[in-house]
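In: When you get a sec, could you give me coordinates for this:
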Amino acid sequence: MKKTIKSVLFGFSVLAMTATYVSAETTMRYVDGSPDRGTRADAVKFFAKEMERLSDGELKFDPHWAGALLKWDAIMTGVGGGTADMGSIIAGYEPKPLMALGIGDLPLENSDPWVGTRAMYDLMTQNVQMQEAMEKLNLVYLSNFTTGPVQFECAGKKQILKVEDIAGLRIRATSTYGKVLRDLGANIVNTTYGEVYQALDSGLVDCVAGYFYAMRAYKTFEVTDNMTEADWGQIMGFALVMNRDVWNGLPAKHQQALTQAGSSMVDHFSELQIAESDTILNGLKSGDIGRKVPVEKMALAERQKIIDATQKYVKAWINDVTAQGMNGQEIWDEYTALISKYEQERNDKGYPWAR
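Out: Numbers count the residues shown, from 1 in each chain. This next block holds a predicted model:
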C-alpha cells in the first residue's frame, strides 16, 4: 500500500512539473487581413521576435496572414471574443466601435510616420479614456501602424494636381479621406486594398488615395500611369491589439515584454517605412522599381485646400466621441500636443535610429 501511494505521489509530481513547463510557454495566435509581405509584415515579425526575446522565449507567435483566419472586418470582434489572441485592426472597418482609435485617421498637416505613430502610441497607452475605449471591446492596445503620407495614384490620363481635378473622378479612398474627397466631387469606390491593383487595371477606379510604402507589396506601380505626391496626412487608426482576457492571464513580466515590444516596433516600422517610401519614390522616377512612373508634387496651396476641407470632420469627431461619454476636445488637444512634441524632437535630434 505504501509503495502504491509513493507511486501515485511520484506521478502527481511529474504531472505538476510537466504542467509548469507547459504553462511557461504561451503561444499567441495573431491575425492580419493583409498578405505576409512588405514593410508592415516585416514590422510584425520584428514585434514577434522582440516579444519572444524579452520573455526569454516563453511567448511564441503563431501568425495567420491574408485573412486566412479572420478578414479585416472581423478582426476586432474576433480578437475581442477570443477567436485569436492578437491581431491588427483598422478603424475604417469598424468606425463606430473604433471611433476613439479613428482619431489617427483625421488628416493633419503632419504626415511623418514616426511623429504620427509615436504620438498615437503615447495617446493610446497613457490616456485613460482611450484605454477605457479599448477595454469596452475587450482589447488591449500594444502598438500602432501607419500608411504613411496619402498620395494619389492614377491610371490613364487622369491626374490630380489641383483640387478641381478631383471632381467627377472615381477614387478608391477610406475613412475621413473618402468623405473629404466626396465633398470635393469625387465618386468614392469602396474596395479593400487587396483589390486596388485590379480596380486600377480594369478602370473600375481612375485614382487611388494610396501610399508609397504599399506600392511594391501590392505591385500597383504596374497599373499606375502617374503619381501625385500630396503628403496629405496619414491613416493611423491602425493598431496591433490583443485580447484583454489573455492579457490579464499573463504574468507581469510577459505583459512588460509585450509593452516594450510594441513600443520598439513603432520606431522599427517607421524606419522601415520611411526607407521603403524613399526607395519607391526614387524607383518610380528612375524606373528601377520595374517601371518608370511620372511623379509630380502637389503645390502647397492646393494641398492646404484639401487639408482645410478636413476641419469639419475634426469637429465632428470631437462631438461624436463626446456623445459617447468621452472628452473629445481634451483628447484632441492632447493628441495634437504630442504631434508637436515629436515634431520638435525630430527637428532637434533626428530620428531615433539615426542618433
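
In: alpha carbons only for contacts and neighbour counts from here, please
Out: Fine.

In: all helices for the chain, in order.
Out: 2-23, 39-54, 72-81, 113-126, 128-135, 175-183, 196-202, 212-218, 244-248, 252-286, 300-308, 311-323, 328-349 (DSSP state H).

In: Go through those helices and name the closest to Tyr30.
Out: Nearest to Tyr30 among the helices of the chain is helix 72-81; the distance by C-alpha to C-alpha comes to 8.7 Å.

In: Would you mark the buried spots in the closest one?
Out: Within helix 72-81, the residues scored as buried using 16 or more other C-alpha atoms under 10 Å are 72-73, 75-81.

In: If I take it and helix 128-135, what angle do their directions form?
Out: Taking axes from the mean of the first three to the mean of the last three C-alpha atoms, to 10 degrees, one finds helix 72-81 and helix 128-135 inclined to each other by 100 degrees.

In: quick one on the thing from earlier: so for Glu164, which of the helices of the chain sits nearest?
Out: Evaluated with C-alpha to C-alpha, the helices of the chain place helix 300-308 nearest to Glu164, the distance being 9.4 Å.

In: Give me the angle between that closest one and helix 175-183.
Out: Orientation check (the same axes, to 10 degrees): helix 300-308 against helix 175-183 gives 110 degrees.

In: Run through who's touching helix 300-308.
Out: For helix 300-308, the external contacting residues (C-alpha atoms under 8 Å, 6 or more residues apart in numbering) are 107-109, 161-163, 180, 230, 232.

In: I'd like the average pLDDT over that helix.
Out: Throughout helix 300-308, pLDDT has a mean value of 95.

In: CA-only coordinates of that helix in PDB, if you can.
Out: Taking Å, rounded to 0.1, in the frame of the first residue of the first chain, the C-alpha atoms of helix 300-308 are listed here in PDB:
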ATOM      1  CA  LEU A 300       1.400  73.600 -51.200                       C
ATOM      2  CA  ALA A 301      -1.600  75.900 -51.800                       C
ATOM      3  CA  GLU A 302      -3.600  73.100 -53.300                       C
ATOM      4  CA  ARG A 303      -2.600  70.700 -50.600                       C
ATOM      5  CA  GLN A 304      -3.700  73.200 -48.000                       C
ATOM      6  CA  LYS A 305      -7.200  73.400 -49.600                       C
ATOM      7  CA  ILE A 306      -7.600  69.700 -49.100                       C
ATOM      8  CA  ILE A 307      -6.400  69.900 -45.500                       C
ATOM      9  CA  ASP A 308      -8.800  72.800 -44.800                       C
END
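
In: Quick check: buried residues in it?
Out: Neighbour-count burial for helix 300-308 flags 303-304, 306-307 (criterion: 16+ other C-alpha under 10 Å).

In: Make a markdown table from those and add distance to Asp42 to it.
Out: As requested, those are exported to a markdown table (distance: C-alpha to C-alpha, whole Å):
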| residue | distance to Asp42 |
| --- | --- |
| Arg303 | 31 |
| Gln304 | 33 |
| Ile306 | 32 |
| Ile307 | 31 |
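
In: on that earlier part again, let's have the helices of the chain in TSV, adding distance to Ala100.
Out: Shown next, in TSV, are the helices of the chain (distance: least, C-alpha to C-alpha, whole Å):
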stretch	distance to Ala100
helix 2-23	35
helix 39-54	22
helix 72-81	14
helix 113-126	9
helix 128-135	6
helix 175-183	13
helix 196-202	27
helix 212-218	25
helix 244-248	17
helix 252-286	19
helix 300-308	21
helix 311-323	7
helix 328-349	9
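
In: Those: lowest mean pLDDT?
Out: In terms of mean pLDDT, the lowest-scoring of these is helix 2-23 (a mean of 38).

In: Give the full set of residues in contact with Ala68.
Out: When contacts are counted by C-alpha under 8 Å, 6+ apart, Ala68 touches 31, 33.

In: cool, the one 10 residues further on as well?
Out: Residues near Gly78 by C-alpha under 8 Å, 6+ apart: 70, 84.

In: any idea how far it lies from Ala66?
Out: As judged by C-alpha to C-alpha, to the nearest Å, Gly78 and Ala66 stand 15 Å apart.
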